[in-house]
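S.K.: this one's sequence-less:
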């Protein structure tokens, strides 16, 4: 897994962690570089639940394949489940099963 840019990682931390968790940039970089699956699933769960644009945030941090693999690895319910399925459809460039009339262009 490639390391995301510091700028994108810091933006993600600023957007998703507002005092309920204390995660600094260096800690996040260290956990990503050692491929800490618990932290990666936690981070992706936060992105799905709290990001304004989960698909864009995931693609800013991870490759398309890594983002899809990580999305598949998290357990979510309720609104987060819908947000995850929409993010998966956007990233994969497929039709969202919830509203099949929507067609998406692949993100370049």
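M.R.: Received, thanks. From a predicted model like this one, the values you see are computed outputs, not experimental measurements. Residues are numbered from 1 along each chain as shown.
S.K.: Buried residues, stretch 1-19. List them.
M.R.: 4, 9, 12-13, 16-17 (16 or more other C-beta atoms under 10 Å). For glycine as for every other residue, the C-beta is placed from the backbone atoms N, C-alpha and C.
S.K.: would you turn those into CSV with distance to residue 43 and secondary structure?
M.R.: Output for those, formatted as CSV (distance: C-beta to C-beta, whole Å; DSSP: H, G, I helix; E, B strand; the rest coil):
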residue, distance to residue 43, secondary structure
4, 10, coil
9, 9, helix
12, 8, helix
13, 9, helix
16, 8, helix
17, 10, coil
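S.K.: So which of the residues you listed is the closest to residue 31?
M.R.: Residue 31 lies nearest to residue 9 out of the buried residues of stretch 1-19, by C-beta to C-beta, at 10.7 Å.
S.K.: I figured that closest one hits residue 29, correct?
M.R.: Yes: counting by C-beta atoms under 8 Å, residue 9 touches residue 29, with 6.7 Å between them.
S.K.: Contacts only, for the residue lying closest to residue 46 once chain neighbours are set aside.
M.R.: Leaving out its chain neighbours, the residue that sits closest to residue 46 by C-beta to C-beta, 6 or more residues apart in numbering is residue 16, at 4.6 Å. Neighbouring residues of residue 16 by C-beta atoms under 8 Å, 6 or more residues apart in numbering: 43, 46-47, 50-51.
S.K.: how about residue 81, secondary structure?
M.R.: helix (DSSP: H, G, I helix; E, B strand; the rest coil).
S.K.: For residue 88, see how far away it is.
M.R.: Remark: distance between residue 81 and residue 88 (C-beta to C-beta, to the nearest Å) = 11 Å.
S.K.: Neighbour count for these two, which is higher?
M.R.: Neighbours per residue (other C-beta atoms under 10 Å) separate residue 81 from residue 88, with residue 88 holding more: 20 against 13.
S.K.: pLDDT on the helix or strand containing the more buried one, on average?
M.R.: If you go by DSSP states H and E, residue 88 is part of helix 79-92. Averaged over helix 79-92, pLDDT sits at 92.
S.K.: Equivalent analysis for stretch 15-28, please.
M.R.: pLDDT averaged over stretch 15-28 gives 89.
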